[in-house]
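A.B. asks: can you look at this prediction? I've put the sequence above it.
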Amino acid sequence: VEKVTMPMEMGNVTTVQEFILEGFPTIQHLGKILFLVHLLAYLASTVGNAIIVTITCADSRLHTPMYFFLSTFSFVECCFINAVIPKLLVIFLLGRQTISFLACLIQAFVFLFLGVAGFFLIAVMSLDRYVAICKPLHYTTIMNPKTCFLLVTACFALAFPLITGLVIKVSQLSFCGPHVIPHFFCDLSPLIHLSCSDSRSVEMLAFVLISFILLTSLLITLTAYSNIVVTILRLPSAREKQKAFSTCSSHLIVLSLMYGSCVFIYVKPKQTNRLDSNREAALVNTVVTPLLNPVIYTLRNKLVHRALRETMCRMKISR
């Protein structure tokens, strides 16, 4: 662990100006190998999600509500992993674990804001699939461009004040040591735990807000998929049922990983109980699911495959 010049005297109070991200101390000796593994996962996830955004914008056949929501979700995922993984790569490769107090708060805000917006988008995407499968005759009327734009805007508009207020509350806490964050990025849970002031009200606020966001999004998603499953069971063709269930099961795998890891990390009043195990769960949320999303949500789709092939062919011809 690097030495840092972190204390700064303010009257009788010593405030922390820098934190040390502990990372994964038990396997830190495997830094170069871990760097390579996470770099490959980071590049694959970034490229996969970027391809989805690019193809959706470039191909007019993909200018539909479903692909609009998917491309927005992929854009959020790109930004989400870039908020966390680059710093983790620096820790693995160079061992630079220090982060300033301001940079720590900014990283926590960006991570949580994009994460919350992503969960709201998942709920919107499930509603889109519900309307498409359960009310196909009214789909184009309900999911018109204006409605789609308003739904996406609402996801970000709801996430911003919720997370901004929470991060401001955390920034007003006193930090006078220790300064080692038992995590690989600045999540609010371990950060609140380091405060030397009474943080019970902030901890409870974080618990209530995150629980409300996750459980509301999960309830909407489960309700939508429950209705979808009922509709699928009524399909006359066994082949149609199998195809629909195959798609739904793939989506539910990603949803289980995302919701499961986040509920494990955040939905418990006492965040001090499992700070060490939170790191492993956070890896699932920040590395695994962004990597799986492009494959499961769109890259398995035949229409996307066709659009991708045609785009690559046009690029070759233009050369």
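C.D. replies: Nice, thanks for sending it over.

A.B. asks: nearest the geometric middle of this structure, what residue?
C.D. replies: Central residue of the chain (Cα atoms, centre = their mean): residue 115, 4.0 Å from the mean position.

A.B. asks: that one sits in which helix or strand?
C.D. replies: Following DSSP states H and E, one finds residue 115 within helix 101-134.

A.B. asks: hang on, the earlier thing: give the contact list for the closest residue to the residue nearest to the centre of the chain other than its chain neighbours.
C.D. replies: Leaving aside its sequence neighbours, residue 115 sits nearest to residue 80 (Cβ to Cβ, 6 or more residues apart in numbering; 6.5 Å). Quick note: C-beta positions are derived from backbone N, CA and C, even for glycine. Applying Cβ atoms under 8 Å, 6 or more residues apart in numbering to residue 80 gives the contacts 111, 114, 115, 118, 286, 290.

A.B. asks: what does the pLDDT read for residue 80?
C.D. replies: The per-residue pLDDT reported for residue 80 equals 91.

A.B. asks: helix, strand, or coil at it?
C.D. replies: Three-state assignment for residue 80 (DSSP: H, G, I helix; E, B strand; the rest coil): helix.

A.B. asks: quick check: the gap between it and residue 290.
C.D. replies: 6 Å (Cβ to Cβ, to the nearest Å).

A.B. asks: try residue 231
C.D. replies: In terms of Cβ to Cβ, residue 231 sits 30 Å off from residue 290.

A.B. asks: so those two - more neighbours on which side?
C.D. replies: residue 290 (28 against 15; other Cβ atoms under 10 Å).

A.B. asks: pLDDT-wise, which helix or strand of the chain ranks last?
C.D. replies: Sorted by mean pLDDT, DSSP states H and E, the helices and strands of the chain end with strand 7-10, the least confident at a mean of 44.

A.B. asks: buried residues in the helix holding residue 115?
C.D. replies: Within helix 101-134, the residues that count as buried by 16 or more other Cβ atoms under 10 Å are 101, 104-105, 107-133.

A.B. asks: wait, what's in contact with the nearest residue to residue 287 once chain neighbours are set aside?
C.D. replies: In space, residue 287 comes closest to residue 41 once its chain neighbours are excluded; the distance is 5.3 Å by Cβ to Cβ, 6+ apart. Contacts for residue 41 (Cβ under 8 Å, 6+ apart) come out as 287, 288, 291.

A.B. asks: which among those residues end up buried?
C.D. replies: Among these, those buried by neighbour count (16+ other Cβ under 10 Å) are 287, 288, 291.

A.B. asks: go through those and name the one nearest residue 165.
C.D. replies: Nearest to residue 165 among the buried ones among the contacts of residue 41, counting by Cβ to Cβ, is residue 287 at 28.4 Å.

A.B. asks: that closest one should be in a helix, yeah?
C.D. replies: Yes. Under three-state DSSP, residue 287 falls within a helix.

A.B. asks: tell me the confidence at it?
C.D. replies: Note for residue 287: predicted pLDDT of 82.

A.B. asks: any buried residues in the host helix or strand of residue 37, and which?
C.D. replies: Element membership for residue 37 (DSSP H and E) is helix 31-58. Within helix 31-58, the residues that count as buried by 16+ other Cβ under 10 Å are 31, 34-35, 38-39, 41-42, 45-46, 48-49, 51-53, 55-56.
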